[in-house]
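S.K.: Fold the following.
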Amino acid sequence: MLNFDVSTEREGDSALVRLTGDLDIQVAEQAATAVEEAEAGAPKLLVIDLSGLSFMDSSGMAVIAAAHARALDAGRRFVIVNPRGGVRRAFEVSGLDQSIETVDELAGVYPPGSSGAS
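M.R.: Numbering: from 1, shown residues only. Below is the predicted model of the structure:
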């Protein structure tokens with residue numbers, strides 16, 4: 001049994017993709033599809049919430065890196081929420097923490113008083 005779930009939300013000009021459990025090669029395609037579907041609406045902001053992710057291998061990192069590259073090409077703001085523990089460490093080792101905007105909690109993505117995905 002796989003320990004993975006993905007959900008998406010869209011509000012205004014932003015899209016939120018929540019990934020929970022273990023993001024590995026078995027579910028990387030499912031995660032990539034969810035991100036690409038969120039991108040299809042051409043949001044100005046794409047947020048990927050990793051706060052519920054307990055593990056991510058290199059295939060998961062590739063999903064995030066590819067989404068980040070597409071965001072740069074599209075002029076879209078791209079934010080990662082709260083990679084924890086080993087997931088955060090993977091970002092640090094890969095250097096992605098230096099190029100991808102990261103916040104500690106979802107509320108940190110949206111300026112006070114703005115509406116955003118919740």
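S.K.: okay but Arg84 is in contact with Ser51, surely?
M.R.: Yes. Taking Cβ atoms under 8 Å as the contact criterion, Arg84 and Ser51 are neighbours in contact, 6.8 Å apart. Where C-beta positions appear, they are placed from N, C-alpha and C, glycine not excepted.
S.K.: who's in contact with stretch 52-72?
M.R.: Under the criterion Cβ atoms under 8 Å, 6 or more residues apart in numbering, residues 3, 5, 18-25, 28, 31-32, 35, 39, 46, 48, 50, 76-78, 80, 83-87, 90-91, 94, 96, 99-100 lie in contact with stretch 52-72.
S.K.: just to revisit the earlier point, same drill for Arg84 and Ser51, tell me which one is more crowded.
M.R.: Set side by side, Arg84 and Ser51 show more neighbours around Ser51, with 16 against 13, by other Cβ atoms under 10 Å.
S.K.: Pretty sure the more buried one sits in a strand.
M.R.: Yes. Read with DSSP: H, G, I helix; E, B strand; the rest coil, Ser51 is one of the residues of a strand.
S.K.: Please pull up the helix or strand immediately following the helix ranked longest in the chain.
M.R.: Longest helix of the chain, by residue count under DSSP state H: helix 58-74. Toward the C-terminus, helix 58-74 is succeeded by strand 77-81 as the next helix or strand (DSSP states H and E).
S.K.: burial measure for Leu53, as a count.
M.R.: Applying other Cβ under 10 Å, we find 25 other residues in the vicinity of Leu53.
S.K.: can you check Val87 too?
M.R.: That count, for Val87 with other Cβ under 10 Å as the rule, works out to 21.
S.K.: can I assume Ala15 is in contact with Lys44?
M.R.: No. With contact defined as Cβ under 8 Å, Ala15 does not count as touching Lys44 (9.3 Å).
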